[in-house]
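Colleague: Got a predicted model here, sequence first, then my questions.
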Amino acid sequence: MRWGILGGTFDPIHLAHLRCAQEILEKYGLDRIVFIPSAAPPLKLGPGIISYEHRERMVRFAIERNPDFAFSDVENRREGRSYTVDTIGYFRETFGKELEIYFIMGQDAFEDIQRWKSWRRLLTLCHFIIMTRPGWRKGSLRKALPSDDAKRFTYDRKARAYRGSSGKLISFTGVTLLDIESTDIRERVKSGRSIRYLVPDAVREYIERHNLYKR
């Protein structure tokens, strides 16, 4: 099994999340993409994030018609902060060697990875797929990691990725860029502007039905 893991606050989930996930699924020959809303994101704590229950329902509505997309509430079932290293550890323990994990993240988040809990260990637990910005250059690996850590990765031409001493890969890949941000969606709702075509219709209807992001 080859699964992509896509985590985030998803506040709310939007079409750019879904399109990127679909492209990565196809490009890397993955069996499924698992969407995991963060219950208590350590780097995004604050009163602005709506409840997990609302975010979970919106993700479920957004992916329900795609058989290659799945949902996991693992971070909500676990007490305390939502740390990726614990989430990946859960999947490894639950599915064992039968599961090959590809963690999907944006380039900005990857360049901030040194702030993540046990990030060095995390790089040995799964493969990484980094969605790049325009103008990406190969120096991004050294920009994200300390020099001594970056040296542990060598470029594998066959895999078109950087392979670490643990055998895990860090792959940089371009995706169709849709200039959609959750922050902008929330601001549009707050100011009474339309979010049609920025989020799936089921998500838009859910936001309207529950008066989310109004204040």
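Modeller: Received, thanks. Residues are numbered from 1 along each chain as shown.
Colleague: I'd say S38 and G8 touch.
Modeller: Yes. Shown here, S38 and G8 form a contact pair, counting by C-beta atoms under 8 Å, at 6.5 Å. Every residue, glycine included, has its C-beta placed from N, CA and C.
Colleague: Specify which residue of those two has the higher count of neighbours.
Modeller: S38 (23 against 20; other C-beta atoms under 10 Å).
Colleague: Does anything pack onto the helix or strand bottoming out on mean pLDDT in the chain? Which helices or strands?
Modeller: When the helices and strands of the chain are compared on mean pLDDT, DSSP states H and E, helix 140-144 comes out lowest with a mean of 87. Here helix 140-144 touches helix 107-110, helix 147-150, strand 169-173, going by 3 or more C-beta pairs under 8 Å, 6 or more residues apart in numbering; DSSP states H and E.
Colleague: Switch the ones you listed over to TSV; also include distance to A161, mean neighbour count and mean pLDDT.
Modeller: What follows is those, written out as TSV (distance: least, C-beta to C-beta, whole Å; neighbours: other C-beta atoms under 10 Å; pLDDT from 0 to 100):
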stretch	distance to A161	mean neighbour count	mean pLDDT
helix 107-110	13	16	93
helix 147-150	14	12	94
strand 169-173	4	19	96
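Colleague: Tell me which of the ones you listed lies nearest to H210.
Modeller: Nearest to H210, of all the helices and strands packed on helix 140-144, is helix 107-110, at 28.1 Å by C-beta to C-beta.
Colleague: What ranges does the chain have for its helices?
Modeller: 15-27, 52-63, 74-77, 84-95, 107-110, 119-122, 140-144, 147-150, 182-190, 201-209 (DSSP state H).
Colleague: Relative to N66, how far out is R32?
Modeller: Applying C-beta to C-beta, to the nearest Å, the value for R32 to N66 is 9 Å.
Colleague: Neighbour count: the two, which is higher?
Modeller: Neighbour totals were compared for R32 and N66, and R32 leads with 17 against 14 (other C-beta under 10 Å).
Colleague: correct me, but the more buried one touches D68?
Modeller: Yes. Using C-beta under 8 Å, R32 is in contact with D68, at 5.4 Å.
Colleague: anything in contact with each of the two?
Modeller: L25 (C-beta atoms under 8 Å, 6 or more residues apart in numbering).
Colleague: what's the neighbour count on the nearest residue in space to M1 that is not next to it in sequence?
Modeller: Nearest residue to M1, sequence neighbours excluded (C-beta to C-beta, 6 or more residues apart in numbering): L99, at 4.8 Å. Using other C-beta under 10 Å, L99 has 14 neighbouring residues.
Colleague: OK, contacts around L99?
Modeller: 1-3, 91-92.
Colleague: Could you do I24 as well?
Modeller: Counting by C-beta under 8 Å, 6+ apart, I24 makes contact with 4, 30, 33, 102, 104, 129, 131, 173, 175.
Colleague: mind redoing it with 6 Å?
Modeller: By C-beta atoms under 6 Å, 6 or more residues apart in numbering, I24 lies in contact with 4, 104, 129.
Colleague: just the buried members of these?
Modeller: Among the contacts of I24, the ones that count as buried by 16 or more other C-beta atoms under 10 Å are 4, 104, 129.
Colleague: Now tabulate those in CSV and tack on distance to C20.
Modeller: Shown next, in CSV, are the buried ones among the contacts of I24 (distance: C-beta to C-beta, whole Å):
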residue, distance to C20
G4, 10
I104, 8
I129, 10
